[in-house]
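K.L.:
Build me a structure from this.
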Amino acid sequence: MQDYDKKFPLFVHLTPKFSAFGGISSKDIAKLAKNYPNLRIIIGHAALAMEFAIDLGLSLKQYKNVFFETSCSIPYGILSLIKMVGHKRVLFGTDAPVTNPIKLEIDKILCLPITNDQKRDVFFNNIDSLIRN
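P.N.:
Just a heads-up that it's a prediction; the model follows:
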């Protein structure tokens, strides 16, 4: 993928272990981020649960090539990620939020106690920067 286009991000969903699959953990993503520092990695549904958000934020904050997507996430989990990794690494709408009405997904960001400039970054400036740079 990197040989094809260095700007092309890799989209990953965290998946817990279950009977037919060994799972993908934050440690797996950390290994990938460390081994491929130019690869930009987006984690879908990064704050699906507080446990995910805390684990991801603490485990991956040092990897500047890892970004966190908000669909199907809980607002406080999104806020926790923003506090841990910074709002510039949080992305809205890079994974189709098909399980919730789009208004609900938007309201999750609008209700956060962050500045309007930070909300604009989450909604569109961050992904625009990621794709263009």
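K.L.:
quick one: the residue of the chain positioned farthest from its centre and Asp28, what's the gap?
P.N.:
Seen from the C-alpha centroid of the chain, the residue lying at the greatest distance (CA atoms, centre = their mean) is Ser19, 26.0 Å away. Counting by CB to CB, to the nearest Å, the gap from Ser19 to Asp28 is 19 Å. To be clear about C-beta, it is placed using only N, CA and C from the backbone, and glycine gets the same treatment.
K.L.:
What segments of this protein are strands?
P.N.:
Secondary structure of the chain by DSSP state E: the strands cover 10-13, 41-44, 66-69, 90-91.
K.L.:
The last one: partners in the sheet, and parallel or antiparallel?
P.N.:
Partner strands for strand 90-91, per DSSP bridges, with pairing direction: strand 66-69 (parallel).
K.L.:
so what secondary structure elements neighbour the helix or strand bottoming out on mean pLDDT in the chain?
P.N.:
Using mean pLDDT, DSSP states H and E, strand 10-13 stands out as the lowest-scoring helix or strand of the chain, at a mean of 89. Where contact means 3 or more CB pairs under 8 Å, 6 or more residues apart in numbering; DSSP states H and E, strand 10-13 is packed against strand 41-44.
K.L.:
The strand it packs on pairs with which strands, parallel or anti?
P.N.:
strand 10-13 (parallel), strand 66-69 (parallel).
K.L.:
average pLDDT for that strand?
P.N.:
For strand 41-44, mean pLDDT is 94.
K.L.:
try stretch 109-129
P.N.:
For stretch 109-129, mean pLDDT rounds to 97.
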